[in-house]
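Asks: next comes the sequence, and after it the predicted model I'd like to discuss.
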Amino acid sequence: MDNVWFQSALWMALALLAALGSIFITISAALFEIVVGAIAGNTLGLPLTPWINYIAGFGAIVLTFLAGTDIDPHVVKRNFGSSVSIGLMGFFAPYIGCLLLARYGLGWPWPHAQIAGISLSTTSVAVVYAVMVETGYNRTELGKIILAACFINDVGTVLALGLIFANYNIYLLLFALITIVAVAALPWIVPRLFRLIGKRASEPEIKFLFLVLFALGGLANLGQSEAVLPAYLIGMALAPFFVQERELQLRMRAICFAFLTPFYFLKAGSLIEANALIAGAAFIAIFLAMKMATKFVGILPLTRYFKFDKRQGMYTTMMMSTGLTFGSISALFGLTNHIIDQTQYTILLTAVIGSAVVPTLIAQIWFQPHFEPLEEDA
């Protein structure tokens with residue numbers, strides 16, 4: 001299918017199908033998009049053209065930015081210990097467990113095992129945030145704690161990938177310095193600039209934010225980092241501003257969920273190859289089980305310690321067990337740098353995508369907590 005408009009129509013039809021299915025079955029549209037993408041990828045042969053990869057990547061960046069804007073600094077400050085503890089445990093427990101499984105259980109060499117541990121150590125900000133927005137749970141205190149813990153978890157993943165397989169260069173240093181400056185300066189610049197240029201039909205505020213995300217994403221690419229990391233940091237830095245500018249956040253969210261993220265989640269599902277899934281089913285199941293088991297053993301006791309009720313504790317544990325963005329990025333890093341082979345990549349990628357589906361289903365069907373919005377949203 002070479003016609004770009006027919007390609008677009010096909011992808012949007014699948015996105016609409018997933019949205020309608022999620023309405024009737026009351027499961028997250030993001031989750032449905034992954035499943036629909038997997039089915040379509042193995043039956044229709046979804047075309048992954050450069051423009052589709054671009055939109056999917058842009059969707060991941062904007063979604064991650066919006067997730068950062070929903071992290072209420074006051075909530076994080078009140079629950080700093082729980083957010084950091086759950087986030088750190090969410091990284092270290094599956095990283096060590098999957099590393100040891102790959103090295104001593106499956107006999108993979110150390111570099112291969114390191115990629116396995118890093119790929120399966122993540123928590124998917126994209127999946128968690130998409131699910132919480134659709135359920136309204138992002139407006140609860142627990143939801144904001146989980147989003148903050150997701151950030152801590154994924155920072156651990158990024159640092160592990162960078163420190164173990166580092167390719168230090170001047171661009172990485174430049175990226176780090178400019179990101180620090182942007183995080184410090186934008187909370188001061190944005191309110192004043194938006195008062196001057198905002199409230200126009202041409203949406204200059206959104207264009208400015210996209211400019212910042214694109215520029216930092218380009219620097220991240222030069223430094224061989226990932227564009228979603230500065231997007232999350234900028235989102236968190238601007239979170240106090242967005243507390244006062246919910247309308248702007250909702251306009252950006254509408255753009256993201258209507259057009260950008262369906263490509264991201266459908267693409268993620270389309271990467272699951274049925275033949276590879278069947279051939280490596282045992283290894284995929286083992287890695288997925290190890291990730292979920294180590295997250296469960298590490299995080300659930302912490303939720304008890306911080307006095308979450310049982311339902312909230314299980315929901316937090318399951319949502320922290322999801323994985324997608326940084327997990328797939330880490331697996332692809334291993335493949336493109338010839339650290340792991342194609343078979344190992346398929347096993348890890350499918351286990352990562354499976355972790356976006358299985359824990360989310362369990363959390364939504366059996367452990368969705370009672371919805372209690374924060375006072376400012378009530």
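Replies: Everything's here; your move.
Asks: list the contacts of stretch 315-324.
Replies: Stretch 315-324 is touched from outside by 86, 90, 119-120, 122-124, 126-128, 131, 142, 145-146, 149-150, 153, 268, 291-292, 295-296, 299-300, 303, 308, 352-353, 355-356, 359-360, 362-363, 367-369, with contacts defined as C-beta atoms under 8 Å, 6 or more residues apart in numbering. Where you see a C-beta, it was placed from the backbone N, CA and C, and this is true even at glycine.
Asks: endpoints of that stretch, how far apart?
Replies: Distance between the two ends of stretch 315-324: 18 Å, counting by C-alpha to C-alpha, to the nearest Å.
Asks: give the contact list for Met292.
Replies: Ser321, Ser355, Val358, Pro359.
Asks: related to what we said a few turns ago, please list only the buried members of the contacts of stretch 315-324.
Replies: The neighbour-count test (16 or more other C-beta atoms under 10 Å) marks 86, 90, 119-120, 122-124, 126-128, 131, 142, 145-146, 149-150, 153, 268, 291-292, 295-296, 299-300, 303, 308, 352-353, 355-356, 359-360, 362-363, 367, 369 as buried among these.
Asks: in helices, which of those residues fall?
Replies: 86, 90, 119, 126-128, 131, 142, 145-146, 149-150, 153, 268, 291-292, 295-296, 299-300, 303, 352-353, 355-356, 359-360, 362-363 (DSSP state H).
Asks: show me the shaky parts of the stretch 251-378 of the chain.
Replies: 336, 371-378 (pLDDT under 70).
Asks: run the last query once more with 50
Replies: For the stretch 251-378 of the chain, the stretches with pLDDT under 50 are 378.
Asks: what strand or helix carries the residue of the chain positioned farthest from its centre?
Replies: If you look at how far each residue of the chain sits from its centre, by C-alpha atoms, centre = their mean, the farthest one is Leu196, at 33.2 Å. In the assignment (DSSP states H and E), Leu196 maps to helix 170-197.
Asks: that helix packs against which elements?
Replies: For helix 170-197, the elements it packs on are helix 204-222, helix 228-237, helix 239-244, judged by 3 or more C-beta pairs under 8 Å, 6 or more residues apart in numbering; DSSP states H and E.
Asks: what average pLDDT does the first one get?
Replies: It stands for helix 204-222. What helix 204-222 shows for mean pLDDT is 92.
Asks: list the buried ones in it?
Replies: For helix 204-222, using 16+ other C-beta under 10 Å, the buried residues are Glu205, Phe208, Leu209, Phe210, Val212, Leu213, Leu216, Gly217, Leu219, Ala220.
Asks: what pLDDT does the model give Met1?
Replies: What the model reports for Met1 is a pLDDT of 64.
Asks: same question for the one 4 residues further on.
Replies: The predicted structure scores Trp5 at 91 on the pLDDT scale.
Asks: any idea how many residues pack against it?
Replies: Using other C-beta atoms under 10 Å, Trp5 is surrounded by 7 other residues.
Asks: how near is it to Leu142?
Replies: Using C-beta to C-beta, to the nearest Å, Trp5 is found at 43 Å from Leu142.
Asks: tell me which residues touch the residue nearest to Ser225 when sequence neighbours are not counted, please.
Replies: Leaving aside its chain neighbours, Ser225 sits nearest to Phe175 (6.1 Å; criterion: C-beta to C-beta, 6 or more residues apart in numbering). Residues near Phe175 by C-beta under 8 Å, 6+ apart: Leu216, Leu219, Ala220, Leu222, Gly223, Ser225, Pro230.
Asks: identify, from the residues you listed, the entry nearest to Ile23.
Replies: Distance to Ile23 across these (C-beta to C-beta) is lowest for Pro230, with 34.4 Å.
Asks: touching, Asn138 and Ile71? I think so.
Replies: No - here Asn138 lies out of contact with Ile71, judged by C-beta atoms under 8 Å, at a distance of 9.5 Å.
Asks: overlap in contacts of these two?
Replies: Lys144, Leu147.
Asks: quick one on the thing from earlier: quick one: which two of the contacts of Phe175 are the most distant?
Replies: Leu222 and Pro230, at 12.2 Å, using C-beta to C-beta across the contacts of Phe175.
Asks: farthest-separated two in the contacts of Met292?
Replies: Greatest spatial distance among those (C-beta to C-beta): Ser321 and Val358, at 8.1 Å.
Asks: who's more crowded, those two?
Replies: Neighbours per residue, other C-beta under 10 Å: of Ser321 and Val358, the larger number sits with Ser321, 26 against 17.
Asks: phi, psi of the more buried one?
Replies: Dihedral angles of Ser321 (phi, psi; degrees, to the nearest 10) stand at phi -90, psi -10.
Asks: how much space is there between it and Thr346?
Replies: The gap separating Ser321 from Thr346 is 21 Å, by C-beta to C-beta.
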